[in-house]
Every structure is written in C-alpha cells, then in structure tokens.
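>>> What follows is a predicted protein model with its sequence.
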2 protein chains.
Amino acid sequence: MVQKNSPVLVEVTRGAEVESRHRGEVAVVDEGGRVRHHLGDPAAPVCMRSLAKPFQALPLLTTGAAAAFGFGPKELALMSGSLSGQDFQVALVEQILARMGLSPGALQCGSHPPLHRPTAKALAQAGEKPTPLHHTCAGKHASMLALCVHHGWPLDDYLNPAHPVQQLILKTVADMVDLNPADIPVALDGCSAPVFYVPLGNIARGFARLAAAPPDSPEGAIMAACLHHPRHIAGDGRLETLIMQALPERVFAKTGAEGGFALALAREGLGVALKIEDGASRALGPAILEVLQQLGLLSPEAQETLAPQWRPVLYNHRKQKVGQLRPVFELAL
Amino acid sequence: MVQKNSPVLVEVTRGAEVESRHRGEVAVVDEGGRVRHHLGDPAAPVCMRSLAKPFQALPLLTTGAAAAFGFGPKELALMSGSLSGQDFQVALVEQILARMGLSPGALQCGSHPPLHRPTAKALAQAGEKPTPLHHTCAGKHASMLALCVHHGWPLDDYLNPAHPVQQLILKTVADMVDLNPADIPVALDGCSAPVFYVPLGNIARGFARLAAAPPDSPEGAIMAACLHHPRHIAGDGRLETLIMQALPERVFAKTGAEGGFALALAREGLGVALKIEDGASRALGPAILEVLQQLGLLSPEAQETLAPQWRPVLYNHRKQKVGQLRPVFELAL
C-alpha cells in the first residue's frame, strides 16, 4: 500500500529530543477557490465536524427564521459555535428555545460535562448532572429546531439525515464548499447530527466566502456575528476565543473535533483550513498560530499573549518543565 | 526538510470514511539483536518512559536488595509496573515502604487521581485527595528508595540523574538495550524520574532478553514475576492486564506513556516494541493486538475477548455507533 506522506506540523519534545510528532495538512484559499498557500494535500478529504457550524447556521438568515424569532448577532454566534457550557451560554440557549415555545427537552444532542472546567466543577459540587443545554453543540441543535418550527417540520426526528432540515443544511454546506451534495459523504457526529466529508481546500474556500462576503449578505451577517462575539462561539480560555480576543476584528476562528481548525481572515478575505492527521487537539494551537504568524497576522502583542498556545510548555506532576510543543513547518508561499 | 515516512498503523473511521490516522513503528527482535519483523525504522529513537521499568527493577536482584527486604514476585511486578492506584496496589506499596522503615512521604513522584476510575471516584466522593501512593509510578519510586536504603545512599535527592541510584539504573538499562550509557539521552518523566531515549529495536531486544532469560537469573526472575501477576503490573481493565489475562503465561505486556508499548514473548523468546508516532494511547490496543495476531499468538478465544481493544467501536453521546479504530498494517516478515 502506497501511503501519502503528510508533513510533520508539530513536534513534542521531552528534554533535548523529540518524543512525538503530529502531522497534518493546511490550505489557505481565496473565495474564488484559488489555493494561495498550502502544506500537504489540499484535496485530502476531511470530516468537517463542527467546522460546518457557521455554514449550517446560514439558512436561519436565508429562510427568514432568524428575523421571525428575533435572533441577533449573539444568537447567531452561539448557533455557529462549539460551546463551553458556561452559564451565559446555557441561559441564552434556553432563551432561544423559549422564543420558539420549546423546552430544553427538545434538544436531542445528548449531554456531557461542560467543557468549561469551573462550570463542570460547580455542577458536580452542587450534585447536579449536565443537561443537553451544556452540550458543546447545544446552539447548533437549537438552530436546527428553529428551522423546523419556522417551516412547520416535525421536531421528533430532526437529526435524521433525510429530514428536510438536514437536507437544507447539506445543500447549504455543499454550496459553501462548491460541491454537489451527492459528492459529500455523510456520517454521524458526537452530537448525533450528520457530518460532512469535504476536501480541505474546499473547507478553506467556504471560510473565505464568509470572510469576503458583503456585510448585508447572509454570509456577511454570520461572519460579523462570529467576529464580534468570540465568547459566544467557544468560551473563556478556549483556543478560538483566545485567538479572536488577541486579534480583534481580524479573525473568525472555529474548531472542529478530531484536529480540525478553520479561520476566516476578515481583512484579507481568505479562508484557512487545517487538519491534524491523528486528531490530536494539543497540536492545534501550535499549528494554527504558526499559520497566522507566517501569514503575517500575529502582532507582537498577540505573539506574547498567545505564546502559551503557540509553544506550550509541558510540566510534570511536580511542576517541573519537561518538554514543549513546537511548530516545525513552513507554508509553501 | 526531508521527513521520514512512518507507516499508518491504525485508522479511525467515522461512517464509511477514514477520519484520522495513527502512524508508528514496530520492531520484533530476538535476544541476539536480530530484527525478525518490523514496520518503519527499528533505529528510530524512542523515549522509553515506563517501558524502562522492568529493566530498572533488575538491580533489586543483582544487589541483593530484594532478598534483604524479602521482596517476592508480587513486589517485583508492582515495582516493574505502571499502577492504577487500586486499593491492593496502594496497600502493597505502603507495605514495601514500611519494610524499609519509610513512610509514603519519602516518595517524590507527586500525585494524580488513580487511573482506576472506580477508585478515583470513591476517593473524590470521600472528599480525599490522591496521595503519592496512588501515582502510577509509585512502585518504581519505592524500588528506587529500596536501593538507596540498601546501599546507605541519601534519600532526599534520589531523583537527581547524578544520584548513585539513577546512575545504577542507567547502567542497567544501557546493558539491557546493548548501548553505552553515554549514548542514551536522558530527560525527565511525568513522575520526575530520569527517562531514556533508545532506538526502538534496542528496546525490543531488551524485552527479548527478559523473555529468553533462564528462570534463575535476575532477568528471568523479573520476567516470571511480571508474567504471573498481570494485575500488579498495571490494573483491572488496563490494556496490558487484559492482554496478559487473555494469553496467560505467554506474554508480559508493558505500556509506556506517549504511545509506547512492549512485549516479552515467553515461549518464543522474542521482544516486541512499538511506538505510536503521535503518542495517542487510543491506537495502542489496535496496533499491539494486530502484532500479536500476525505473530500467531492470538487464540480464537483471545481474539473474541480482546475484540473491544483490537477494533474498538466508537459511540457518540447517545450511544449510537459512529465509527471504529482498525489496524491497517502488515509486518514485514
């Protein structure tokens, strides 16, 4: 079997030597689909996971559902985000559901402890169990329900890939990444929603379309909502939120499970997509920040603020420094 | 930069497609150092982490410390193991320390919640904090202290790489892997003890020496102790323990952090060493069980018992099957 040779993006050192390595692919693409920079194969299929969320939120605007329910930028950001289950997020998801007359029980995402550790700890100490409102995909599921209520579609099987809301979402994602829906393999996400396999360069192109969209278009509205609400599309301390806070108004950053990451670069009108081959989230910070640095977007202040994510230091159980993660690639420019 | 192309060992599927991939190297070596089978580069340096533990326990036998303190096979297995912090392990580590007149406070490994989840949960529910006795390296640290007490060496800096006990261990490890101590780069482990970078094939050779040793030799005594006490070298439900329980008297299995795994094959007198390039522990089961299968060691019963580790099924938050891990390599025979 001949295997493709994905380049090493990030090394994990222990002492003076390299202990482990993370490979992957990067594509920087414009809205016309031209690959501006890359590393590895831009045609490599990648499961979008939560990278699809901002595209999946577009029908809220194109169908008038957002206007009908009065969803503004904060709600749109939350629905495009992978949430940490923080109190303000849980409250807003509940409010969104209430506006369509639904209770949290309508969410079919399942539940897991909040990604925000202090919130998870507080919940456990209070003897309370996490609810679907704490799920990292709660906003996305609320938006799917909003589309169903708006169209009068059934709610009980809204996660079925054949359900009209999922067909509408597939069509929207396909348009954004310039593929036919029939050419997109579909699987199931951790939250039970359909997920989409798309070549890395096409994912980047979709994010370039967000970045380059006129402000009064649906794509422009999603871009602005996400760009201006970094705490609503992830959460305090999360990589996406930290990047967006360090580079305000410049970057919309989105993570997907299993080592996916994407950026929409507001000023440049470019999209970036990245996949860590082995799915390791620990490699995302070093890899995506190195991409931003090589594209010239990391200001000296951002370099300093984001140093712990760019070149994380590894400590042992006694807080001794034992190693480091470091990016080791150069984008083909 | 020209990069080596480590082969893909394990694929992670989601739906019908491959979402992520884990690469790595495998070496199957005899006690004379001949590579019998391999995949990737047997000369690739690997940080041994806990793969060094059974070698590091040898001086207990060569110096007479084990005899002086009355350590038998159970104690030797525990000292060669990466423990789960189960009650019987914690009690035995404490007993070992007591035999040399030491309290748990002498352990300098730090502490973390027990790897054994029910034990960690019980501890948390009782409002108790984990102690160094619960550390996965507690047995190893107790053995280092035993060597210090036996020789009259100072206890307060036993983790210093220049301390006589660490020099003795480095010399022992070097002998087992057929290298000069000066040729072994040393770094710090999670437990603050020195760790050793050694080519993968040399690690496998060290395990072959355990496997092929006469029963009355120090190497043979460590092999027998580990082989007969699968619960003492890891813990209930752990991969090493499950493999050893499914193939009794045939295999001593040892894990190391960051994707390292080794086997000593009792009947064949061979050693196996494996490194997952990216350090992912989820790839270890599929990779090492496929090696055992291709070497002809997995009985039909073992294939069935170990299927959940060999080809683990991935479920989402609602317990739907969403994907699978599967080995995809063939050893060069």
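Right, received. Where do you want to start?
>>> which residues touch A:T63?
A:L147, A:H150, A:H151, A:L168 (C-beta atoms under 8 Å, 6 or more residues apart in numbering or on different chains). Bear in mind the C-beta positions are built from the backbone N, C-alpha and C, glycine included.
>>> cool, A:I203 as well?
For A:I203, the contact set (C-beta under 8 Å, 6+ apart) comprises A:A27, A:V46, A:M48, A:L51, A:V177, A:A262, A:G271, A:A273.
>>> Am I right that it is in a helix?
Yes. Membership of A:I203 in a helix is supported by DSSP: H, G, I helix; E, B strand; the rest coil.
>>> From A:L263, how far off is it?
The gap separating A:I203 from A:L263 is 11 Å, by C-beta to C-beta, to the nearest Å.
>>> got it, and A:S6?
Going from A:S6 to A:L263 by C-beta to C-beta gives 20 Å.
>>> Which one's more surrounded, these two?
A direct count of neighbours by other C-beta atoms under 10 Å in any protein chain shown for A:S6 and A:L263 places A:L263 higher, at 31 against 23.
>>> can you tell me the helix or strand for the nearest residue to the more buried one once chain neighbours are set aside?
Counting by C-beta to C-beta, 6 or more residues apart in numbering or on different chains, A:V272 is the residue found nearest to A:L263 once chain neighbours are left out, at 4.0 Å. Element membership of A:V272 [criterion: DSSP states H and E] is strand A:270-276.
>>> for the helix or strand following that strand, what is the average pLDDT?
Per DSSP H and E, strand A:270-276 leads on to helix A:284-294 as the next helix or strand towards the C-terminus. For helix A:284-294, mean pLDDT rounds to 98.
>>> okay, the next helix or strand after helix A:284-294 in PDB with CA atoms only?
If you walk from helix A:284-294 toward the C-terminus, the next helix or strand you reach (DSSP H and E) is helix A:300-305. Extracted in PDB, the C-alpha atoms of helix A:300-305 (Å, rounded to 0.1, in the frame of the first residue of the first chain):
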ATOM      1  CA  PRO A 300       4.000  41.400  18.700                       C
ATOM      2  CA  GLU A 301       1.400  41.700  21.400                       C
ATOM      3  CA  ALA A 302      -0.600  38.700  20.100                       C
ATOM      4  CA  GLN A 303       2.700  36.700  19.900                       C
ATOM      5  CA  GLU A 304       3.200  37.400  23.500                       C
ATOM      6  CA  THR A 305      -0.400  36.800  24.700                       C
END
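>>> so what does helix A:300-305 touch, helix or strand wise?
When contacts are defined as 3 or more C-beta pairs under 8 Å, 6 or more residues apart in numbering or on different chains; DSSP states H and E, helix A:300-305 packs onto helix A:239-246.
>>> Can you check what angle separates the helix it packs on from helix A:284-294?
Between the axes of helix A:239-246 and helix A:284-294, defined by axes from the mean of the first three to the mean of the last three C-alpha atoms, to 10 degrees, the angle is 30 degrees.
>>> Would you mind listing the buried residues in helix A:239-246?
Neighbour-count burial for helix A:239-246 flags A:L239, A:E240, A:T241, A:L242, A:I243, A:M244, A:A246 (criterion: 16 or more other C-beta atoms under 10 Å in any protein chain shown).
>>> Quick check: can you name the pairing partners of the strand holding A:V272 and their directions?
strand A:17-30 (antiparallel), strand A:260-265 (antiparallel) (DSSP bridges).
>>> List of residues touching the following helix or strand past the longest one?
The reference is to strand A:17-30. Counting by DSSP H and E, the next helix or strand C-terminal to strand A:17-30 is strand A:35-39. Strand A:35-39 is contacted from outside by A:7, A:9, A:24-30, A:42, A:201, A:204, A:270, A:294-295, A:329-333, using C-beta under 8 Å, 6+ apart.
>>> Narrow the residues you listed to those that are buried.
A:7, A:9, A:24-30, A:42, A:201, A:204, A:270, A:294-295, A:329, A:331.
>>> distance between stretch A:281-294 and the chain's centre?
How far stretch A:281-294 lies from its chain's middle: 14 Å, per C-alpha atoms, centre = their mean, to the nearest Å.
>>> hmm, who's touching it?
With contact meaning C-beta under 8 Å, 6+ apart, stretch A:281-294 is reached by A:9-10, A:12, A:22, A:24, A:26, A:28, A:37, A:239, A:243, A:247, A:251, A:253, A:255, A:259, A:261, A:263, A:272, A:274, A:276, A:298, A:302-303, A:306, A:309-312, A:325-327, A:329-331, A:333.
>>> So which bits of it are buried?
By neighbour count on 16+ other C-beta under 10 Å, the buried set for stretch A:281-294 is A:R282, A:A283, A:L284, A:G285, A:P286, A:A287, A:I288, A:L289, A:E290, A:V291, A:L292, A:Q294.
>>> Now for the residue of the stretch 51-200 of chain A found nearest chain B, how many residues are close by?
At 2.6 Å from chain B, A:A187 is the closest residue in the stretch 51-200 of chain A, using C-beta to the nearest C-beta. Counted with other C-beta under 10 Å, the neighbours of A:A187 add up to 19.
>>> which SS state does it fall under?
Under the three-state scheme (three-state DSSP), A:A187 adopts strand.
>>> Touching, it and A:A193? I think so.
No. Between A:A187 and A:A193 there is no contact, the gap being 10.2 Å when judged by C-beta atoms under 8 Å.
>>> ok, back up a step: identify the contacts common to A:I203 and A:L263.
Residues touching both A:I203 and A:L263 (C-beta under 8 Å, 6+ apart) are A:G271.
>>> Verify the contact between A:G110 and A:L188 for me.
No. Checked against C-beta under 8 Å, the pair A:G110 and A:L188 is beyond contact range at 11.7 Å.
>>> Next, the contact list for the residue in the stretch 1-150 of chain A that chain B sits nearest to, please.
Across the stretch 1-150 of chain A, the shortest distance to chain B (C-beta to the nearest C-beta) belongs to A:G15, at 2.6 Å. A:G15 is in contact with A:V322, A:G323, B:P185, B:V186, B:A187, B:L188, B:V195, B:Y197, counting by C-beta under 8 Å, 6+ apart.
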